[in-house]
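Undergrad: sharing a sequence plus its predicted fold:
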Amino acid sequence: MIAVMSTEISFAEKPTLTGERVVLRPVRVVDALAAAAADPEADRLTGTHETFSLEALERWYGSRAEHADRLDLAIAERTTGECVGEVALSDLDVQNRSCSFRISLFDRRSFGQGLGTEASRLILAHAFEAVGVHRIELEVFAFNPRARHVYEKLGFVHEGTRRDALCWDGEWIDGHTMAILADEWATHRGHPHPAG
């Protein structure tokens, strides 16, 4: 078991994290263009009903550096520098050392290439090892079994189901809550299964 740390945690630092295939870097206003051009399938998989104007996205991306309670990083392909998605740690609960996790790949051409898995491992390592977070949770919708498989491969554990949590095109979809704890991460560092 990892001991509770007495220092306050924060996402005020906006790091650049480099992997073999992706670089996670602080989001920039220019990333709004990639987000605005996102495949509608990306919105469906994350349960995003709203559509945002380019101007609204530019304001949002331009304000991310101001927030110590969340960390928004662009996922850029290492070889091209192209922004292909984003990862976020949000809803930081300082007292309970917990936060939420979200990832979105903007174009289905990026699906199934391992970019999301690598990006997830990078940001989870940062949260647990550099920031000192104890618990990270997420919600994945029932119509996204591919994402749930990736989360399980990273070590997230299913904790419960929010029945009919999302209404998409007139159909009710369950949301599955999953979480990973610091002591679990310390044991497997995002590789809980030998082949993972």
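TA: Looks like it came in fine. Owing to the predicted nature of the structure, the values given are computational and were not obtained by experimental measurement. Numbers count the residues shown, from 1 in each chain.
Undergrad: and the contacts of stretch 19-27?
TA: 14-18, 61, 64-65, 72-79, 81, 84, 86-87, 113-115, 118-119, 121-123 (Cβ atoms under 8 Å, 6 or more residues apart in numbering). Every C-beta, even on glycine, is put in place using the N, C-alpha and C of the backbone.
Undergrad: in the chain, which spans are helices?
TA: Read by DSSP state H, the chain holds these helices, from start to end of the chain: 31-36, 40-46, 54-62, 115-125, 145-154, 182-188.
Undergrad: include mean pLDDT when you put those helices into a markdown table, please.
TA: Formatted as a markdown table, the helices of the chain follow (pLDDT from 0 to 100):
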| stretch | mean pLDDT |
| --- | --- |
| helix 31-36 | 84 |
| helix 40-46 | 84 |
| helix 54-62 | 89 |
| helix 115-125 | 97 |
| helix 145-154 | 95 |
| helix 182-188 | 97 |
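Undergrad: which one of these lies closest to residue 94?
TA: Comparison of the helices of the chain against residue 94 by Cβ to Cβ identifies helix 182-188 as nearest, at 15.0 Å.
Undergrad: run through this structure and note the low-pLDDT ranges.
TA: Low-confidence regions of the chain, defined by pLDDT under 70, span residues 1-6, 194-196.
Undergrad: can you give me the neighbour number for the residue lying closest to residue 79 once chain neighbours are set aside?
TA: Using Cβ to Cβ, 6 or more residues apart in numbering and skipping the chain neighbours, the partner closest in space to residue 79 is residue 21 (8.0 Å). Residue 21 has 15 neighbouring residues, counting by other Cβ atoms under 10 Å.
Undergrad: distance of the residue nearest to residue 90 when sequence neighbours are not counted relative to residue 101?
TA: In space, and not counting its chain neighbours, residue 90 is closest to residue 70: 4.2 Å by Cβ to Cβ, 6+ apart. In this structure, residue 70 and residue 101 are 11 Å apart, going by Cβ to Cβ, to the nearest Å.
Undergrad: and residue 30, what does it touch?
TA: Counting by Cβ under 8 Å, 6+ apart, residue 30 makes contact with residue 83.
Undergrad: any idea how far it is from residue 16?
TA: Taking Cβ to Cβ as the measure, residue 30 falls 16 Å from residue 16.
Undergrad: and what of residue 175?
TA: Using Cβ to Cβ, we find residue 175 at a distance of 32 Å from residue 16.
Undergrad: these two - which one has more neighbours?
TA: A side-by-side neighbour count of residue 175 and residue 16, using other Cβ under 10 Å, places residue 175 first with 18 against 11.
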